[in-house]
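[1] Fold the following, please.
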Amino acid sequence: MIPAHNTSRTLAACLDSVLAQSRPADEVIVVDDGSTDRTARIAHGYPCTVIRLAPNRGVSAARNAGIAAATGDVLFFLDSDEALGPDSVAAALEILDADPRCGCVHGIIAPDPLFDDGPVERYKTLHAYWWRARGVGEVETAFFAQAAVRREVFERVGGFDETLRDSEDLELSDRIAPHFTIVLTDRIVARHDEEHRLGALLAETFRRALLLVPALRSAHRGGRGNLTANSPASVATAAAFFAALPFAVVAPVLPVLALLAFCAANAGLLRFAARHRSAAFVPFFTGVHLLAHGALLSGAALGALCMAAGAPTGRAVPGRTEPGR
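    Sure thing, here's the model as predicted:
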């Protein structure tokens, strides 16, 4: 089940990976969510069912349309800017079959991008791989970019919240976790065409952070099974760095110490970046990682203020689209 909006760049690679699975899917559904490029034409060139939504309604609505059209007992969701490893479907079914309590199994992002568009994208894929791979096991959070879900899960808790265009994964996870086990596995893996522009990456991080504080207040967050992209120490030291910047003129040692603490909090990640890419890549990686934390902190702060004021955050905005979905 593939929601797609203006993904003509990646959809063929996505569908090729689906058709190359060692355990073929019984049906493939592409939901064209109001695309204005060649997305629909590419989908029609493959042996799949194509559903057209117009105008663009967002990834939650697209996935719900796919759920309604599907006939299978297990629904595998795959974003259209990803290419699955060849044994991913087989692995998902094996994990679900082995544990009747498991309602959802999802996978990790490969450390290398689907299409390499430069250092910002390399940072993003390395970080995405790192924190997901470290969280493998039973979790309380599901990410549906590459995930298999029993149909009975949706019959029990309902579908995706169509008012959400971001953090829809977290909202649905909160409804699934009390009733079904969620498993994160590295046997499901996908190469992702990540954002390669720094400004767009920071804007995406800010937008997704708007619901961070409400999510942390949820009854099912904060335990060992809660998947988070950044450790509390990483976030705290980044906050200390930005808080120290206004005092850099009178006390330049403060931001330097905070930066060193930030590097120490991310020592494992930085070593991984050096091993997978090179030591020369680490300063760039660190700088982008720090800026991403700034966007995260800003979005979370605004989200907390909106929550305190009773204002909505992260809801569907007319005309907004999700490139890569």
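
[2] From now on I want contacts and neighbour counts done on CA atoms only, so please keep to that.
    Fine.

[3] Could you list the buried residues of stretch 253-267?
    Buried positions in stretch 253-267, judged by neighbour count with 16 or more other Cα atoms under 10 Å: 254-255, 258-259, 261-263, 265-266.

[4] and stretch 29-40, how far from the chain's centre?
    20 Å (Cα atoms, centre = their mean, to the nearest Å).

[5] repeat for stretch 294-304
    Taking the mean of its C-alpha atoms, stretch 294-304 sits 18 Å from the chain's own mean (Cα atoms, centre = their mean).

[6] Stretch 72-89 now?
    Worked out by Cα atoms, centre = their mean, stretch 72-89 lies 14 Å from the chain centre.

[7] And the longest helix that the chain contains, how far out from the chain middle?
    Scanning the chain for the longest helix, with DSSP state H as the assignment, gives helix 282-309. Averaged C-alpha coordinates place helix 282-309 at 16 Å from its chain's average position (Cα atoms, centre = their mean).

[8] Can you pull out the low-pLDDT segments for the stretch 201-325 of the chain?
    Applying pLDDT under 70 to the stretch 201-325 of the chain picks out residues 212-227, 311-325.

[9] the strands in the stretch 1-150 of the chain, which residues?
    2-4, 29-33, 49-53, 74-78, 82-84, 102-109, 137-139, 146-150 (DSSP state E, counting those that start in this stretch).

[10] so which of those comes closest to Arg63?
    Each of the strands of the stretch 1-150 of the chain was scored for nearness to Arg63 using Cα to Cα, and the closest is strand 2-4 (6.1 Å).

[11] for the closest one, packing partners?
    Contact here means 3 or more Cα pairs under 8 Å, 6 or more residues apart in numbering; DSSP states H and E; on that basis strand 2-4 packs against strand 29-33, helix 59-69, strand 74-78.

[12] May I see the buried residues of the longest helix of the chain?
    Along helix 282-309, the positions that meet the burial threshold by neighbour count (16+ other Cα under 10 Å) are 282, 285-286, 288-304, 306-307.

[13] Give me the buried stretch members for stretch 142-152, please.
    When neighbours are counted by 16+ other Cα under 10 Å, the buried residues of stretch 142-152 are found to be 142-151.

[14] and that stretch, what's its mean pLDDT?
    Computed over stretch 142-152, the mean pLDDT rounds to 97.

[15] So which residues of the stretch 201-325 of the chain form helices?
    For the stretch 201-325 of the chain, helices defined by DSSP state H, counting those that start in this stretch occupy the ranges 212-216, 232-244, 253-265, 267-276, 282-309.

[16] now those in CSV, with distance to Leu11?
    Listed next are the helices of the stretch 201-325 of the chain as CSV, based on distance: least, Cα to Cα, whole Å:
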stretch, distance to Leu11
helix 212-216, 30
helix 232-244, 35
helix 253-265, 37
helix 267-276, 27
helix 282-309, 28
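
[17] Quick check: closest non-adjacent residue to Ala20.
    Across the structure, with Cα to Cα, 6 or more residues apart in numbering as the measure, the residue nearest Ala20 apart from its sequence neighbours is Pro86 (6.1 Å).
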